[in-house]
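Visitor: Next one to model:
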Amino acid sequence: MFVREAIREERMAICKGCEFFTEKGTCGKRHWMKDGMIYHGDFITYNGQEYELCGCDMALKTWFKAMSCPIGKWLPQGMSVQETCEIKQFIEEVRIGNQLDNNQLQKLFQYYNKSSGENLTVSTCVPCVKKILNEMERVFKNVMCPKC
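Guide: The predicted model follows:
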């Protein structure tokens, strides 16, 4: 779940050298909520792609294996931008359906093991599957994928 300190320090060095890193230690403006409305952070164009900066506290975010820079300057440990975006899309798609089929279940455990460093075997235990899906949703909801 967490990266080694050397990787975390490398990520922070990248963040601190980034034009979007703020004096408050965040990646752009924070997202906030007021009167029941969610206000988003900064939308930027970087290398010809449109992105929404996460507004995260980077001193915290850089510790997590599955986290990534919203503009791709550093990736989840051992994963490409494409892989993280595939996982995020998969999670969003399976949340729409009521029940996972066997292929989705296999893919869920494959993605979980890849992103967490675990080596769990596929299980049909409903509480176990829900726990894994909820954990992955929490981790990957902040992954920013390029807008097409």
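
Visitor: Any idea how far stretch 100-108 is from the middle of the chain?
Guide: Distance, stretch centre to chain centre, for stretch 100-108: 20 Å (CA atoms, centre = their mean, to the nearest Å).

Visitor: before we move on, what about stretch 127-140?
Guide: How far stretch 127-140 lies from its chain's middle: 13 Å, per CA atoms, centre = their mean.

Visitor: next SSE after the lowest-mean-pLDDT helix or strand in the chain?
Guide: Lowest mean confidence among the helices and strands of the chain (mean pLDDT, DSSP states H and E): strand 37-39, at a mean of 64. Using DSSP states H and E, the helix or strand that follows strand 37-39 in sequence is strand 43-46.

Visitor: What is the next helix or strand after that next one packed up against?
Guide: Moving toward the C-terminus from strand 43-46, the next helix or strand (DSSP H and E) is strand 49-52. Applying 3 or more CB pairs under 8 Å, 6 or more residues apart in numbering; DSSP states H and E, one finds that strand 49-52 makes contact with strand 43-46. Where C-beta positions appear, they are placed from N, C-alpha and C, glycine not excepted.

Visitor: The strand it packs on pairs with which strands, and in what direction?
Guide: If you go by DSSP bridges, strand 43-46 pairs up with strand 49-52 (antiparallel).

Visitor: Would you mark the buried spots in the strand it pairs with?
Guide: 51, 52 (16 or more other CB atoms under 10 Å).

Visitor: average model confidence for that strand?
Guide: On average, the pLDDT along strand 49-52 is 80.

Visitor: wait, isn't residue 11 in contact with residue 77?
Guide: No: the criterion here is CB atoms under 8 Å, and residue 11 misses it with residue 77 at 9.5 Å.

Visitor: what is in contact with those two at once?
Guide: Shared contacts of residue 11 and residue 77 (CB atoms under 8 Å, 6 or more residues apart in numbering): residue 3.

Visitor: Looking at the two, which is more packed in?
Guide: residue 11 (23 against 17; other CB atoms under 10 Å).

Visitor: contacting residues for the more buried one?
Guide: 3, 58, 62, 69, 74.

Visitor: so the last one, which of the three states?
Guide: So the one you mean is residue 74. Following DSSP: H, G, I helix; E, B strand; the rest coil, residue 74 is assigned to coil.

Visitor: Can you check my assumption that residue 127 lies in a strand?
Guide: No: remark: residue 127 does not belong to a strand; assigned using three-state DSSP, it is helix.
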